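Trainee: Model the structure of this input:
(one chain, ligands or ions: 1)
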Amino acid sequence: MDLRDNDKKLKNILKENFNLDIATVHQLVGYANLNYKVTDTIGNKYICKELPATRFNKELIAAESTILRQLAESQPGFYQKSLRARNNEFLCEDSYINGPVIFRVLSWLDGIFFKETNHTPDLLKSFGQSLARMDLELKKTASIVIRARQIEWDLQYFLNLQGKLNHISDPSLRKMVYYFFIQFKEFVFPELPHLRKSIIHNDANDWNVLVQDGKVSGMIDFGDMVYAPLIQELAVALTYSMFRKDDPLKWAAYIIAGYHEILPLEEKELELLYYLIAARLSMSVILSSEGIQNNPENEYLLISQKPAWDLLNKWIAISPDMAEKKFKEAAGISVPEKSDIQKDLEKRHHFVSKVLSVSYDKPVKMKRAAFQYMFDADGNTFLDAYNNIPHVGHQHPKVVEAGQRQMALLNTNTRYLYDQLAAYAEKLLAKFPTPLNKVFFVNSGSAASDLAIRMAQTYTSKQNIVVMEHGYHGHTRLGVDISHYKFSSMGGAGQKDYILKAPIPDTYRGEFREKNAGARYADQLNDLLKPAEGQIAAFIAEPIVGCGGQVPLAPGYLKEVYPMIQKQGGVCISDEVQTGFGRIGTHFWGFEAQEVIPDIVVLGKPMGNGHPIGAVVTTDEIANSFDNGMEFFSSFGGNPVSCEIGMAVLDVIEEEQLQQNALETGNYFSKLLCDLQNQYPVIGDIRGSGLFLGVEFIKDPDTLEPNTELAQFLKNKLRENFILVSTDGPYDSVIKMKPPMCFNKFNSDEVVGMVEKLLKTC
Ligand SMILES: Cc1ncc(COP(=O)(O)O)c(C=O)c1O
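Mentor: Numbering: from 1, shown residues only. I've put the predicted structure just below:
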């Protein structure tokens, strides 16, 4: 049977059942069902829908048609009418091409799709008004069929979709959706029972809204109606209206203003809108990803995902508080005053010592964060180019959920057996070269370096420790003893007798400036250590000296120094608190870049993504010597919650290929900075590796006189422009950048673009 025969058959069906004299039949592209545009002999147009002949569909059509009739009475011409068939129902049943189906006929509405028209503030406002008028009318309707209906595309059941998260194959995209699941669970789910509910259209997307003369003129497709929190209606409408907009909140505000004028919104509803929009976007990408997996050839699904992903990427960088503020302002609801930083500082200093510093001339009060973005108490978004503790990204959902899950199950200490301790130890140790096969868990980098030194002294029965100039390893008494950065600066008690200081092998500012000066610096150290030969317990250094201003140890340095220390009976400790876990891009650990294997490794910061975990990794031999009768016990070290979190961090680093990202983004970032250096001689040096970078500012390229003022100016100006960096180094003239490892090239452009803009003003 060819197409014309099908058309003839359809015409007959429509004549027989709806008494329509159809002249032309035109099949439309539909999402799920078959739709036809049909025109009768006098030019009237209709939509004819063909559906499977199930009892459910019949009941649904009856319910929907009754509601449509009611709506059409309230606003004639705005809604389609459902035509009654001869059987007095809103449908007929027939055997068409492949068996029994049902047909229904709806009147035709003229207009351009909202998606295909030019968006203006007036149009968006009229959209809000129309939506509210529809919702006012829908509130009056009652249908047990719609009330009982449960469909996937209903935001109140969003959490049910979490099991489908893995349909999103790219982990870097999946994490955003996962993040919004957790946000929904925390902020929306508990409020659901308290929200006013109604029958809603539930699919006011840009293909279901018609426009004429710059105003919304009709709403179509009531096939997704559900009984749900009213605010979901607006959430769906806003989602699609914000596609392809540079400033989505601005456009959302027009719709909200229009809606609120007709149907006043409640504060609580406006507070949840941000999360509901995120949920609708997430739902859309999950379900279309499922569609793509089931039907990989369907290019349309892939293309149609793009605007949703684009908006999700923008949405993640918008503070929920800022969205709430803008939504409330649009509805004329008063918003809280700006936070009073002075008052907050006073309260803090009343209870907490001023010895805890606060960054920036204008301190920032943080409230929440997502990946590489931090949000202050006023809803401003900061691009975080500085914080390396949230290694895999602030509030990474995998880490959050690992902690939450285990905290709800068991948290105890290492005096009991539980699976997580050995499992995490195994996973972590797999990242180390062979001789490093024992781990001791603690709760901070300080505790780890303290323990590492104690272990070295126990193992060697020697006391002296060689430390790196400008190095920092911790705040404990021992930590300060081994931190030149602390003991030699203001308030420091000076160098202790058992401490020997190695000059920093800095090829930019140090004594030997040739590129491969490592061996020369090692020789220099060798000479310095001669008098203490045989009495050195340990040498401790970071591969890139963070507090020294991100100074990489001169190439080849550790390769010479390690054997020198070991030969006279000492051990070598690498502090990987800053440089570990893939941050330097080229290697997982900083010591690998120097082609050495330490005897002891100190870990901290990134290990728990902000959860306090530290560790000492060492060899069997050293670990055995420490097992000398005195128990080692850390109340929190290695507890099951910490272990689960630590495992999640390692998983994310692997899954999202963050070491690779650090390498690629870091190289890109450095290149941009080097290009800037060519224009601005005040940039003396750009150094570091991967996403562990330092930019040193100078006054004079000949003398390398430090330009502390400029570094401070830039740090504070960047902060005013919502970019977080810090300064360090002996002259505080180095801008340090060590962002969360999901930092991307676009973020690098933002930072360098702003630095350039600021340098132009100097
Ligand atoms: C290299 C290095 N080691 C050790 C520490 C101490 O770690 P924590 O602050 O967790 O005690 C730090 C902290 O900044 C560090 O940078």
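Trainee: and stretch 107-122, how far apart are its ends?
Mentor: Stretch 107-122 has its terminal residues 27 Å apart, counting by C-alpha to C-alpha, to the nearest Å.
Trainee: Show residues contacting it.
Mentor: For stretch 107-122, contacts defined as C-beta atoms under 8 Å, 6 or more residues apart in numbering pick out 37, 44-47, 77-81, 83, 123, 127, 206-212, 214-218, 220, 240-241, 245, 251, 254. In short, each C-beta sits where N, CA and C put it, glycine included.
Trainee: and if you look at stretch 745-752?
Mentor: 372, 383, 385, 664-665, 668-669, 672-673, 676, 718, 723, 725, 737, 739.
Trainee: Among the contacts of stretch 107-122, which are located in strands?
Mentor: If you go by DSSP state E, the contacts of stretch 107-122 have Lys37, Lys45, Tyr46, Ile47, Val209, Leu210, Val211, Gln212, Lys215, Val216, Ser217, Gly218 in strands.
Trainee: Could you chop this structure up by domain?
Mentor: Per automatic domain parsing, the structural domains of the chain span 3-109, 113-330, 341-391+658-759, 397-568+601-655.
Trainee: does any part of the last one sit near the ligand?
Mentor: When you say that, I think you mean domain 397-568+601-655. Yes - on the criterion C-beta under 6 Å from any ligand atom, domain 397-568+601-655 is in touch with the ligand at 444-446, 449, 472-475, 542, 546, 604-605, 614.
Trainee: average pLDDT for that domain?
Mentor: On average, the pLDDT along domain 397-568+601-655 is 98.
Trainee: contacting residues for Ile333?
Mentor: Applying C-beta under 8 Å, 6+ apart to Ile333 gives the contacts Glu267, Leu270.
Trainee: Assumed it was part of a helix.
Mentor: No - Ile333 is assigned coil when assessed by DSSP: H, G, I helix; E, B strand; the rest coil, not a helix.
Trainee: So it versus Ile231, what's the distance?
Mentor: Per C-beta to C-beta, to the nearest Å, Ile333 is found 14 Å from Ile231.
Trainee: Give me the common contacts of these two.
Mentor: Residues within reach of Ile333 and of Ile231 at once, by C-beta under 8 Å, 6+ apart, are Leu270.
Trainee: about what we covered before: output the domains of the chain in JSON lines; the columns should cover mean neighbour count.
Mentor: Output for these, formatted as JSON lines (neighbours: other C-beta atoms under 10 Å):
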{"stretch": "domain 3-109", "mean neighbour count": "16"}
{"stretch": "domain 113-330", "mean neighbour count": "19"}
{"stretch": "domain 341-391+658-759", "mean neighbour count": "19"}
{"stretch": "domain 397-568+601-655", "mean neighbour count": "19"}
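Trainee: Is it possible to get JSON lines of the ones you listed that adds distance to Phe591?
Mentor: JSON lines is the format used below for these (distance: least, C-beta to C-beta, whole Å):
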{"stretch": "domain 3-109", "distance to Phe591": "56"}
{"stretch": "domain 113-330", "distance to Phe591": "28"}
{"stretch": "domain 341-391+658-759", "distance to Phe591": "13"}
{"stretch": "domain 397-568+601-655", "distance to Phe591": "6"}
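Trainee: which stretch among the ones you listed comes nearest Glu592?
Mentor: In terms of C-beta to C-beta, the element of those nearest to Glu592 is domain 397-568+601-655, at 8.2 Å.
Trainee: Could you work out the end-to-end span of that closest one for me?
Mentor: Start-to-end span of domain 397-568+601-655 (C-alpha to C-alpha) is 13 Å.
Trainee: Then stretch 463-473?
Mentor: Chord length of stretch 463-473, first to last residue, is 17 Å (C-alpha to C-alpha).
Trainee: same question, stretch 433-449
Mentor: Using C-alpha to C-alpha, one end of stretch 433-449 lies 20 Å from the other.
Trainee: Figure out how far that stretch is from the centre of its chain.
Mentor: Relative to its chain's centre, stretch 433-449 lies at 29 Å (C-alpha atoms, centre = their mean, to the nearest Å).
Trainee: returning to that earlier point: between which two of the contacts of stretch 745-752 is the distance greatest?
Mentor: Farthest pair in the contacts of stretch 745-752 (C-beta to C-beta) is Glu664 and Leu718. Separation: 23.1 Å.
Trainee: ok, now how distant is Glu290 from His167?
Mentor: Glu290 sits 4 Å away from His167, taking C-beta to C-beta as the criterion.
Trainee: and if you look at Val211?
Mentor: Using C-beta to C-beta, Val211 is found at 33 Å from His167.
Trainee: Tell me which residue of the stretch 501-650 of the chain lies closest to the ligand.
Mentor: Val577 (3.6 Å; C-beta to the nearest ligand atom).
Trainee: how many other residues sit next to that residue?
Mentor: Around Val577 there are 28 other residues, counting by other C-beta atoms under 10 Å.
Trainee: same deal with the one 10 residues further on?
Mentor: Using other C-beta under 10 Å, His587 is surrounded by 20 other residues.
Trainee: If I follow the layout properly, Lys559 ends up in contact with Glu595?
Mentor: Yes - using C-beta atoms under 8 Å, Lys559 is in contact with Glu595, at 5.8 Å.
Trainee: hang on, the earlier thing: the residue of the stretch 501-650 of the chain closest to the ligand: what secondary structure?
Mentor: Classification of Val577 using three-state DSSP returns coil.
Trainee: what do you get for Ser635?
Mentor: Applying three-state DSSP: Ser635 is coil.
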